[in-house]
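*Asks:* need a 3D model of the following:
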Amino acid sequence: MPVVNRIADFSADMAAWRQHLHSIPELAFECHETAAFVIDRLREFDVDELHESIAKTGIVAIINGQGEGPTIGLRADMDALPIPEETGVEYASTNPGKMHACGHDGHTTMLLGAARYLAETRNFRGRVALIFQPAEEEGGGAGVMVEEGIMERFNISQVYALHNAPGFTEGAFYTTPGPIMAAVDTFHVYIQGVGGHGAMPHETRDPVMAACGIAQAIQTIVSRNHYALEDLVVSVTQIHTGTVNNVIPDTAYINGTVRTFDPAVQKMVMERMEQIVQGQAASYGVEARLDYEVNYPATINDVEKAGFAAGVAREISGADRVTANTGREMGAEDFSYMLQARPGAYLFLGQGEGAGLHHPKYNFNDEIAPVGASFFARIVEKAQPLG
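*Replies:* Now for the predicted structure:
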């Protein structure tokens with residue numbers, strides 16, 4: 001079965017929704033205008049229940065099927081990124097310094113398309129819970145919605161999500177059983193030295209050199225403390241210090257990211273990083289503090305649900321356009337919290353060539369919205385069939 005005919009019928013509406021959402025990007029939990037637009041559409045579709053203000057601006061809408069049955073959850077993220085847009089499209093961001101550079105406008109549109117179809121047809125038993133989530137990029141909105149009890153409150157038994165994938169075949173699906181995306185942590189190193197004149201370094205305790213030493217030593221965690229066949233990324237992404245060419249500053253700051261799958265590897269990184277920061281600080285005669293933030297856990301697909309989802313994707317796009325064991329990657333995703341709470345699966349949907357995610361020229365491909373909406377609709381009908 002290809003794209004659902006009824007969803008194809010209103011594909012122009014979906015493009016209009018998506019382009020409007022693209023023009024009003026909002027960050028983190030502050031998705032007020034986005035949520036208002038979503039709520040207006042859901043009311044037009046005559047969903048049975050509409051629950052607002054979950055995780056501040058999150059929404060859960062319920063559509064009842066025919067007869068008794070479980071509740072399946074479908075999730076879309078709504079938030080944007082703090083990036084100035086460079087697409088040049090007529091519907092570009094009207095909020096300076098913010099843009100939908102990750103396609104969450106498209107994810108929201110795909111779920112709205114599925115909502116319209118499911119509310120019209122109700123060709124399933126039980127219920128579907130449509131989860132519109134803020135703060136995926138920063139803030140862990142999925143975790144907050146789980147903490148606020150959506151799984152128990154709405155009796156959700158399984159949950160699914162999609163993410164667009166630039167550079168992959170348009171309309172093709174990719175997923176994998178088990179771990180699909182990494183856990184993500186953030187580290188901050190604050191260095192306190194003694195500044196002074198750049199011509200008299202002997203009178204200082206130089207935080208710049210200490211920052212260089214710490215940054216270089218941190219990279220040895222991967223190369224010298226870790227088994228090479230296990231996945232691990234440690235990246236220093238920021239070093240800030242100094243203001244002028246002839247002054248050694250008092251302080252320096254280092255920031256970066258850690259990506260892991262194994263909690264034992266994560267624990268090793270935390271311990272080694274603390275040892276490196278303190279040891280390097282002592283060697284340079286400065287003081288240093290490590291703040292290590294444990295953030296989103298690894299995104300781990302349920303093996304059975306991932307296989308089921310891949311089967312549904314084959315019905316939409318064809319067997320030759322579905323990769324069911326694509327392997328894992330080091331990106332991160334807060335849908336991981338929902339998969340910790342309930343079995344389910346996370347899939348990527350190829351959107352063809354174009355700028356990559358988080359790029360100022362990125363733009364969601366409206367041609368794949370009916371494909372994603374059809375997947376969402378069919379996953380409900382196949383998981384909870386009538387008869």
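
*Asks:* next SSE downstream of the top helix by length along the chain?
*Replies:* Counting by DSSP state H, the longest helix found in the chain is helix 263-284. Remark: after helix 263-284, the chain's next helix or strand is strand 287-294, criterion DSSP states H and E.

*Asks:* what strands line up against that following strand, and which way round?
*Replies:* strand 183-192 (antiparallel) (DSSP bridges).

*Asks:* run the chain-centre distance for the next helix or strand after the partner strand.
*Replies:* Per DSSP H and E, strand 183-192 leads on to strand 196-197 as the next helix or strand towards the C-terminus. Chain-centre distance of strand 196-197: 45 Å, with CA atoms, centre = their mean, to the nearest Å.

*Asks:* tell me who's in contact with Ala324.
*Replies:* Thr175, Thr176, Pro177, Ala306, Gly307, Ala310 (CB atoms under 8 Å, 6 or more residues apart in numbering). C-beta here means a position set from N, CA and C on the backbone, and glycine is covered the same way.

*Asks:* flag every buried residue along the helix or strand containing the fourth one.
*Replies:* Translated: Ala306. Using DSSP H and E, Ala306 sits in helix 303-317. By neighbour count, with 16 or more other CB atoms under 10 Å as the criterion, the buried positions of helix 303-317 are Lys305, Ala306, Phe308, Ala309, Ala310, Val312, Ala313, Arg314, Glu315, Ile316, Ser317.

*Asks:* what's the answer for stretch 365-382, then?
*Replies:* Result for stretch 365-382 [16+ other CB under 10 Å]: buried residues 365-366, 368-381.

*Asks:* which pair in those residues spans the largest distance?
*Replies:* Comparing all pairs in the buried residues of stretch 365-382 by CB to CB, the longest separation belongs to Asn365 and Glu381, at 25.0 Å.

*Asks:* columns pLDDT and distance to Pro263 on top of the contacts of Ala324, output as CSV?
*Replies:* Listed next are those as CSV, based on pLDDT from 0 to 100; distance: CB to CB, whole Å:
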residue, pLDDT, distance to Pro263
Thr175, 98, 23
Thr176, 98, 20
Pro177, 98, 20
Ala306, 98, 21
Gly307, 98, 25
Ala310, 98, 27
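
*Asks:* same question for whatever helix or strand Asp13 lives in, mean pLDDT?
*Replies:* Using DSSP H and E, Asp13 sits in helix 11-23. For helix 11-23, mean pLDDT rounds to 98.

*Asks:* how about residues contacting it?
*Replies:* 7, 34, 37, 41, 89, 91-94, 99-100, 105-106, 108-110, 112-113, 363-364, 366, 369-370, 373.

*Asks:* rerun at 6 Å
*Replies:* Tyr91, Thr94, His100, Asp105, Gly106, Thr108, Thr109, Leu112, Gly113, Asp366, Ala369, Pro370 (CB atoms under 6 Å, 6 or more residues apart in numbering).

*Asks:* if I look at the closest residue to the fourth one other than its chain neighbours, how far off is Lys361?
*Replies:* Using CB to CB, 6 or more residues apart in numbering and skipping residues adjacent in sequence, the residue nearest Asp105 is Leu21, 4.0 Å away. For Leu21, the distance to Lys361 equals 18 Å [CB to CB, to the nearest Å].

*Asks:* same check, this time on Met268
*Replies:* 39 Å.

*Asks:* what about those two, which has more around it?
*Replies:* Met268 (17 against 14; other CB atoms under 10 Å).

*Asks:* show the backbone phi and psi for the residue nearest the centre of the chain.
*Replies:* What sits nearest the mean C-alpha location of the chain, by CA atoms, centre = their mean, is Glu333, with 3.6 Å. Backbone torsions of Glu333, given as degrees, to the nearest 10, read phi -160, psi 130.

*Asks:* pretty sure it contacts Asn301?
*Replies:* No - under the criterion of CB atoms under 6 Å, Glu333 is not in contact with Asn301, lying 11.2 Å apart.

*Asks:* okay, the residue nearest to the centre of the chain: pLDDT?
*Replies:* The model's pLDDT for Glu333 equals 97.

*Asks:* contact partners for it?
*Replies:* Contacts of Glu333 by CB under 6 Å, 6+ apart are Met181, Thr299.

*Asks:* with Glu148 instead?
*Replies:* Here Glu148 is in contact with Ile54 (CB under 6 Å, 6+ apart).

*Asks:* now do 10 Å
*Replies:* Ser53, Ile54, Ala55, Lys56, Gly58 (CB atoms under 10 Å, 6 or more residues apart in numbering).

*Asks:* now swap in Arg125 and tell me
*Replies:* Arg125 touches 64-70, 380-381, 383-387, counting by CB under 10 Å, 6+ apart.
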